[in-house]
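[1] predicted model and sequence follow; I will ask about them next.
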Amino acid sequence: MDMKLYYFPGACSLASHIVLEWVGASYDAVRMSEQTIKQAEYLSINPEGTVPLLVSDCFQLIETVAILGYLADLHPEAGLLGDGTARGRAEVMRWLAFLNIDVYKAFKQIFTPSRYVRDPAAHTELAATARGFLRTAFERLDSRLKARAWLADQRSVADAYMFVMLRWAASGDVPVRDLENVARFAVRMQEDVGVRTAIAQEEG
Ligand SMILES: N[C@@H](CCC(=O)N[C@@H](CS)C(=O)NCC(=O)O)C(=O)O
């Protein structure tokens, strides 16, 4: 059975979609929406009601970090978790953790502030604080990319995830345009065939 990736456009599931392309997997992409992921049919396969969900041989996997790791482990030849050394893998995990825990959570405070504070009057302040945090986070990513093309020593799953966070920077009004190394990274990703294919499938 081909793998199935459940996604909705613009969501963090794009990172898994890109990695499916990078490893050359045979898969179906199943388009969902913010509404359909809360309906009984989907909740019966993913009670969390979130994307991404990867279904493979009756094995159902949620959590982006787990899915990215699983796909990379299925295709070690793609080298998306480093060069096969413990140190290479640790470098990838370092950036993946930073993106998934710190950066992702800060974006959630901009996009879904009511999950963090009840008082609507506090939402603007929460989003402004998150934007400040994110600006510093992207400066850190920019300085990391100063003398290198990818976050780790070679292209990895962390780059796919960072690309999604960069797209969110535009929709979440986080200023990153002046960060030259980040801008070069964005162009490199936008020109990548796998990235283009995943985006075309999601937006087509
Ligand atoms: N920790 C999960 C979070 C998954 C998640 O919250 N995905 C978002 C889209 S980026 C979603 O499905 N949101 C719908 C909701 O939380 O109701 C991961 O990293 O995969």
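    Ah, there it is. Numbers count the residues shown, from 1 in each chain.
[2] contacts and neighbour counts: CA atoms only from here.
    OK.
[3] distance of the residue lying farthest from the centre of the chain relative to residue 19?
    The centre of the chain is farthest from one residue, residue 121, which by CA atoms, centre = their mean lies 29.7 Å away. Using CA to CA, to the nearest Å, one gets 39 Å for the distance from residue 121 to residue 19.
[4] what's the average pLDDT for the helix or strand encompassing residue 129?
    Residue 129 is part of helix 123-144 when elements are defined by DSSP states H and E. For helix 123-144, mean pLDDT rounds to 97.
[5] immediately after that helix, which helix or strand?
    Using DSSP H and E, the next helix or strand after helix 123-144 towards the C-terminus is helix 157-171.
[6] so which residues of the protein form strands?
    Here the chain has its strands, by DSSP state E, at 3-7, 27-31, 53-56, 59-62.
[7] so the first one, near the ligand or not?
    No. Judged by CA under 6 Å from any ligand atom, strand 3-7 stays clear of the ligand, getting no closer than 8.2 Å.
[8] helices or strands up against that strand?
    In this structure, strand 3-7 packs against helix 13-23, strand 27-31, strand 53-56, with contacts taken as 3 or more CA pairs under 8 Å, 6 or more residues apart in numbering; DSSP states H and E.
[9] of all the ones you listed, which lies closest to the ligand?
    Closest to the ligand of the helices and strands packed on strand 3-7, according to CA to the nearest ligand atom: helix 13-23, at 6.3 Å.
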